[in-house]
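Asks: generate coordinates for the sequence data below:
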Amino acid sequence: MANKSEVSTAKHFVHITLKNADGSALRVRASGKCQTWKTRPNAFKLPVKYGLYNSFYITEENADQWKVA
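Replies: Numbers count the residues shown, from 1 in each chain. The predicted structure follows:
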């Protein structure tokens, strides 16, 4: 349920359905700057990290699976 403005300002996110081993919701933190494009105004890409070594991007395709913590 996160949108472009929330993603660009927030630092911590919680997944709606995925859980950790202890049953708590999967939490991630932003590890860089939100990237946007002039030619694609609705597109964004935010690098996030969870655990010690795992990282990925929150984009407009998967932003509906995340909410701001």
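
Asks: going by C-alpha atoms from here, please, whenever you check contacts or count neighbours.
Replies: OK.

Asks: show me the contacts for Trp37.
Replies: Ala43, Phe44 (Cα atoms under 8 Å, 6 or more residues apart in numbering).

Asks: tell me the spacing between Tyr50 and Gln35.
Replies: With the distance defined as Cα to Cα, to the nearest Å, Tyr50 ends up 19 Å from Gln35.

Asks: tell me which element the spatially most central residue of the chain falls in.
Replies: Geometric centre of the chain, nearest residue: Ile58, 4.0 Å, by Cα atoms, centre = their mean. Using DSSP states H and E, Ile58 sits in strand 54-59.

Asks: pull out the buried positions in that strand.
Replies: The neighbour-count check on strand 54-59 (16 or more other Cα atoms under 10 Å) flags Tyr57, Ile58, Thr59 as buried.

Asks: residues in contact with it?
Replies: By Cα under 8 Å, 6+ apart, the list of residues contacting strand 54-59 from outside reads Ala43, Phe44, Lys45, Leu46, Pro47, Val48, Lys49.

Asks: and which of these is nearest Ser24?
Replies: Set against Ser24, the nearest of those by Cα to Cα is Lys49 (16.8 Å).

Asks: doesn't that closest one belong to a helix?
Replies: No. Counting by DSSP: H, G, I helix; E, B strand; the rest coil, Lys49 is not part of a helix but strand.
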